[in-house]
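**Q** could you look at this predicted model? Sequence included:
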Amino acid sequence: MRMLEGEKVTKFFGGLSAVFNVDFHINQDEIVGLIGPNGAGKTTLFNLISGAHIMTSGTTKFKGKDITGLKPNKICKRGIARTFQLIKLFGNMTVFDNVYLASLFGLSEKIKKPEARRESLERYLQRLEALENVANSFSGVEKSYAIQAGREIRIMVEGEKVSDDESVILCRDIAKKIEKELAYPGQIKVMVIRETRTVDYAK
């Protein structure tokens, strides 16, 4: 399934052609990189997709629907988010409030009141914390990370305390405890990662 596609995407700045007749498509579950020298038009193309710039000509579609000419907030609402090399956080706000502000574009349109959105975000963060707490309760676990919006948890174990065979058992036990103690939609991928590092010195 094509998630994102563009046809003859073109952008002129005055007489300068920054992007000209670019065709592309990205399929579902694909990870694609865009490479090129400085001035090749990479950033301009991202700006056109996200709505920061208006195309001179051409079209873009997301999940089969035309998003050409939509404003950035409308494109974001449909599911396309843009990040920048230099992010701008609000220094007078807490980490939670910075994330909460961003979440105003990421939650259901049915949630109209800001208070309800804040409560939804708090519940979401609590679910991630609960998931990590389950993993961290096991002996030998060094650190755990709930990722993919809580659909996956990666557990780092201490290589000196947990063998490869024990890692397999630990992974299964964590999954069983998650099933028993937590309520969640769909499934959660549990991954245990064990690193072994050997150090010696040449004298």
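**A** Now that the structure is in, tell me what you want to look at.
**Q** now residue 142: how far from residue 97?
**A** Using Cβ to Cβ, to the nearest Å, we find residue 142 at a distance of 30 Å from residue 97. From N, CA and C alone the C-beta is placed, and that goes for glycine too.
**Q** which one of those two is surrounded by more residues?
**A** Neighbour count, other Cβ atoms under 10 Å: between residue 142 and residue 97, residue 142 has more, with 15 against 12.
**Q** grab the nearest non-local neighbour of that one.
**A** residue 156 (4.7 Å; Cβ to Cβ, 6 or more residues apart in numbering).
**Q** that neighbour reaches residue 140, doesn't it?
**A** No: counting by Cβ atoms under 8 Å, residue 156 stays clear of residue 140, with 10.0 Å between them.
**Q** and the one helix or strand residue 172 maps to, which residues are buried?
**A** Assigned by DSSP states H and E, residue 172 falls within helix 164-181. Neighbour counts over helix 164-181 (16 or more other Cβ atoms under 10 Å) mark 166, 167, 170, 171, 174, 175, 178 as buried.
**Q** gap between that helix and the chain center?
**A** 26 Å (Cα atoms, centre = their mean, to the nearest Å).
**Q** mind listing what's buried in the helix or strand following it?
**A** The first helix or strand that comes after helix 164-181 along the chain, using DSSP H and E, is strand 189-194. Neighbour-count burial for strand 189-194, counted by 16+ other Cβ under 10 Å, picks out 190, 192, 194.
**Q** ok, stretch 13-24 next?
**A** Neighbour-count burial for stretch 13-24 [16+ other Cβ under 10 Å]: 18, 19, 22.
**Q** what's the closest of those residues to residue 6?
**A** Checking those against residue 6 with Cβ to Cβ, the nearest one is residue 22 at 6.2 Å.
**Q** doesn't residue 11 make contact with the closest one?
**A** No: if you go by Cβ under 8 Å, residue 22 and residue 11 don't touch, sitting 9.2 Å apart.
**Q** hey, what's in contact with both of the two?
**A** Among the neighbours of residue 22, those also in contact with residue 11 (Cβ atoms under 8 Å, 6 or more residues apart in numbering) are residue 41.
**Q** thanks a lot, catch you later.
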